[in-house]
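Asks: Generate a structure from the sequence data that follows.
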Amino acid sequence: MKAVLIHKYGGPEELKYEDTSLPIINPDDVLIKVFAASVNPVDWKVREGHMKGLNREFPVILGWDVSGVIEKVGADVQDYFVGDEVYARPDVSRNGTYAEYVAVRAGEIYFKPKTLGHLQAAAIPLAGLTAWQGLFDHGKLQAGQKILIHGAAGGVGTLAIQLAKWKGAYVIGTASEKNIAFLKELGADEVVDYHKENFEEKLKDIDVVFDTIGGETQIKSLKVLKHGGILVSTVGIKHMDALNAKGIHGVQYMAQSVPENLKELADLIDAGKLKPVIAQILPLKEIVKAHQLSEGGHTRGKIVLQVVE
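Replies: Now for the predicted structure:
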């Protein structure tokens, strides 16, 4: 099969589109024919060597979003069959989805949303799980609460805005001026242009901050959270003492592959309550360009990789 592999850590030039062997499936795996994948920051962080604790052996296939069709099922798999259309965020410690086929545990997949094609569905799993779990499992977001979403125009942010609005929250996002009208169309009640305004001076009494940025943005967020508020971060929390001093709860996390969450996301999509935002669709062989775009940090929504024409 064709796949994109890295043979050592480094820059985008280490991504090699080449032939490799088909994955071998375990008894609890399914083999998925990959129709589409997408790019997430974790992909290039692994590529650069920032996540060596995953105990990998080279060569490595990156990519942890997939939408495709089951080609083969393991001996212990009971709930899925050859021909089923599924989507998933596979285990990040295994070889990924920048390939024509990927082996995924059956306990990590769910049926693809019926109203989306594979290219659109591939934009959902990792970002959708990140948004869902950050808002509801860790942020405990409730109707009527105020939430501030940083990086609101990104792959995670665009889904988080829609999910928070669906929950009944008052939704505020930070973004550049070019994305303000777009984010309001998605459901944001307010958008703060971080180039022109200091959100920490404009906002107060926020119940939940959803942070995908970190650094100074995270520190400034402490000023807007109410006592007892929650800071949820996908990029780690470096100043937990400062949070504790202000009576703020801090949660750092990495999304988990939970099929029930994938079902909830699919149900919302099929009900017209949630939609993916896609910045660009590129063929798998243009993976270097895809990583360069992702690392630039200014794409609106997700970069999707088309694997099957």
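Asks: which SS class is the closest residue to K220 other than its chain neighbours?
Replies: Nearest non-adjacent residue to K220, counting by Cβ to Cβ, 6 or more residues apart in numbering: E200, 4.1 Å away. Just so you know, the C-beta spots here come from the backbone N, C-alpha and C atoms, and that holds for glycine as well. Taken by DSSP: H, G, I helix; E, B strand; the rest coil, the conformation at E200 corresponds to helix.
Asks: how much space between E200 and N179?
Replies: 20 Å (Cβ to Cβ, to the nearest Å).
Asks: Show me which of those two is the more surrounded one.
Replies: For E200 and N179, the more surrounded residue by other Cβ atoms under 10 Å is N179, and the numbers stand at 22 against 17.
Asks: quick one: contacts for D43?
Replies: By Cβ atoms under 8 Å, 6 or more residues apart in numbering, D43 lies in contact with 62-64, 96, 291, 294.
Asks: hmm, I was thinking of A152
Replies: 158, 160-161, 173-175, 179, 183, 188, 191.
Asks: Of those, which belong to strands?
Replies: Among the contacts of A152, the members falling in strands are 173-175, 191 (criterion: DSSP state E).
Asks: In the stretch 101-250 of the chain, where is pLDDT below threshold?
Replies: Along the stretch 101-250 of the chain, no part satisfies pLDDT under 70.
Asks: quick one, strands of it?
Replies: Per DSSP state E, counting those that start in this stretch, the stretch 101-250 of the chain carries strands over the ranges 101-105, 109-111, 146-149, 170-175, 190-193, 206-211, 225-233, 249-252.
Asks: Just give the strands next to the longest one in its sheet, each with its orientation.
Replies: Within its sheet, strand 225-233 is paired with strand 206-211 (parallel), strand 249-252 (parallel), according to DSSP bridges.
Asks: could you dump those strands to JSON lines with distance to H7 and mean neighbour count?
Replies: What follows is these, written out as JSON lines (distance: least, Cβ to Cβ, whole Å; neighbours: other Cβ atoms under 10 Å):
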{"stretch": "strand 206-211", "distance to H7": "34", "mean neighbour count": "25"}
{"stretch": "strand 249-252", "distance to H7": "31", "mean neighbour count": "18"}
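Asks: Please tell me which one of the ones in strands among the contacts of A152 counts the most neighbours.
Replies: G173 (30 neighbours).
Asks: List the contacts of that residue.
Replies: Going by Cβ under 8 Å, 6+ apart, the list of residues near G173 reads 148-150, 152-153, 157, 161, 183, 188, 190-192.
Asks: before we move on, the earlier item: I'd like the ones in strands among the contacts of A152 laid out as CSV, including distance to V307.
Replies: Putting those into CSV (distance: Cβ to Cβ, whole Å) gives the following:
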residue, distance to V307
G173, 32
T174, 33
A175, 30
V191, 34
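Asks: and the nearest residue to V104 once chain neighbours are set aside, what does it touch?
Replies: Setting aside the residues directly before and after it, V104 is nearest to P90 in space (Cβ to Cβ, 6+ apart), at 4.5 Å. Residues in contact with P90 (Cβ under 8 Å, 6+ apart) are 64, 66, 96-97, 102, 104-105, 108, 257.
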